[in-house]
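Student: coordinates only, no sequence provided:
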């Protein structure tokens, strides 16, 4: 398996990178992630579990049985890749619209 394939095993599923991008802004509650991303609840819950199991994020304990999530150092290390992908996506979108 290539290094890229190994990375995609962790963050290649739909919504995974968008969750990480959102958490780059700081810890987020589950409900805020769901609202801001528009991800289906069952898919978001699955992605959060997968990313937690992969060591990309962790759960923060909150009161009243609510959950919040924050990135680990491993998750924060994705910042450059996400910024680069965002720039690439903007360029692709500009080409398509032109």
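Tutor: Cool, the structure landed. Given the structure is predicted, the values throughout are model-derived calculations rather than measurements.
Student: as a check, name the ranges of all strands in this structure.
Tutor: Per DSSP state E, the chain has strands spanning 28-29, 57-61, 67-71. These are given in chain order.
Student: of all the ones you listed, which lies closest to residue 13?
Tutor: Each of the strands of the chain was checked against residue 13 via Cβ to Cβ, and the shortest separation belongs to strand 57-61, namely 13.8 Å. Heads up, the C-betas are built off the backbone N, CA and C, glycines and all.
Student: partner strands of that closest one, with direction?
Tutor: For strand 57-61, the paired strands and their directions (DSSP bridges) are strand 67-71 (antiparallel).
Student: and the contacts of the partner strand?
Tutor: Contacts of strand 67-71 from elsewhere in the structure, counted by Cβ atoms under 8 Å, 6 or more residues apart in numbering, are 19-20, 23-24, 26-30, 33, 48, 52, 56-60, 62, 78.
Student: mean confidence for the lengthiest helix in the chain?
Tutor: Under DSSP state H, the helix in the chain containing the largest number of residues is helix 79-97. The predicted model gives helix 79-97 an average pLDDT of 88.
Student: that one: which residues count as buried?
Tutor: Applying a neighbour-count criterion of 16 or more other Cβ atoms under 10 Å, helix 79-97 contains no buried positions.
Student: mean pLDDT per helix and strand in this structure: which one sits at the bottom?
Tutor: helix 79-97 (a mean of 88; mean pLDDT, DSSP states H and E).
Student: ends of stretch 69-79, how far apart?
Tutor: Looking at stretch 69-79, the gap from its leading to its trailing residue is 16 Å under the measure Cα to Cα, to the nearest Å.
Student: please apply the same query to stretch 68-86.
Tutor: The first and final residues of stretch 68-86 sit 25 Å from each other (Cα to Cα).
Student: low-confidence regions, the chain specifically.
Tutor: Along the chain, segments meeting pLDDT under 70 span 96-98.
Student: repeat the analysis, applying 90 as the threshold.
Tutor: Judged against pLDDT under 90, the low-scoring parts of the chain cover residues 1, 61-67, 90-98.
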